[in-house]
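Q: show me how the following folds:
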Amino acid sequence: MFRSIGLASFILVSTLSTACAADYESLKLGQLKGKLVVQWIEPDLFLFIPDATNPLVFTRSDGKSIQPGRMLTDGGSVPRPMWAFRSYSPWGYAPAFIVHDWLFHIKRCKIGDYQSWTLESSADVMGEVIKTMMETGKVERDPQTVRLMLAAVSSSFAKKYWESDLCLPLPPAFSRTPAMQYTIEF
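A: All right, here's what the predicted structure looks like:
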């Protein structure tokens with residue numbers, strides 16, 4: 001969400017809204033597979049590039065699959081001062097952040113089934129991806145962090161960003177050699 005939440009707002013919203021966020025136990029597990037590839041554009045801005053042979057896909061418990069396409073991302077929109085705390089890196093839950101950013105991207109750019117998603121359902125999906133990562137041992141199990149992240153992505157700040165129709169244009173394909181790319185495979 002491109003760092004749209006200030007530190008004070010993030011802490012306040014996270015603290016006050018925890019009761020409103022989905023409970024860890026209520027989140028369903030899905031299946032996460034594929035390769036996550038991002039290319040550096042400029043500081044704090046990356047291009048997510050779907051892998052042609054092993055694309056990143058999250059399949060929800062109801063069987064609905066989400067396969068992010070090419071888009072700009074900053075990873076998780078975690079305010080920089082929060083990076084000092086364990087579990088609050090903009091890339092610590094990268095697959096969840098990419099899937100969540102994709103839902104924002106398709107909504108704002110009116111792509112595919114964008115009308116079937118809401119701010120709340122996009123937050124639930126992010127929580128499901130993080131819980132799946134935790135329960136499959138990809139990251140440490142930490143239900144409180146999931147609740148705080150869900151509170152932040154369900155906040156009034158996130159809603160304002162969700163309701164915006166600003167569709168960010170994608171840069172042309174890069175041909176720089178060597179490209180600065182980072183890859184994670186599941």
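
Q: tell me which helix or strand residue 121 sits in.
A: Here residue 121 is covered by helix 119-135, with elements defined by DSSP states H and E.

Q: just residue 144 next, same as before
A: Counting by DSSP H and E, residue 144 is found in helix 143-153.

Q: helix or strand right after that helix?
A: Following helix 143-153 in sequence, per DSSP H and E, is helix 156-163.

Q: avg pLDDT for that next one?
A: The average pLDDT within helix 156-163 is 93.

Q: retrieve the pLDDT associated with residue 177.
A: pLDDT at residue 177 comes out at 42.

Q: oh, I was asking about residue 81
A: Confidence score, pLDDT, at residue 81: 88.

Q: just say helix, strand or coil for residue 102.
A: helix (DSSP: H, G, I helix; E, B strand; the rest coil).

Q: I meant to write residue 32 there.
A: strand.

Q: how much space is there between the closest residue to residue 108 other than its chain neighbours and residue 109?
A: Among residues not flanking residue 108 along the chain, residue 167 sits closest, at 5.0 Å (Cβ to Cβ, 6 or more residues apart in numbering). For every residue, glycine as well, the C-beta is placed using N, CA and C. Shown here: residue 167 relative to residue 109, a distance of 4 Å by Cβ to Cβ, to the nearest Å.
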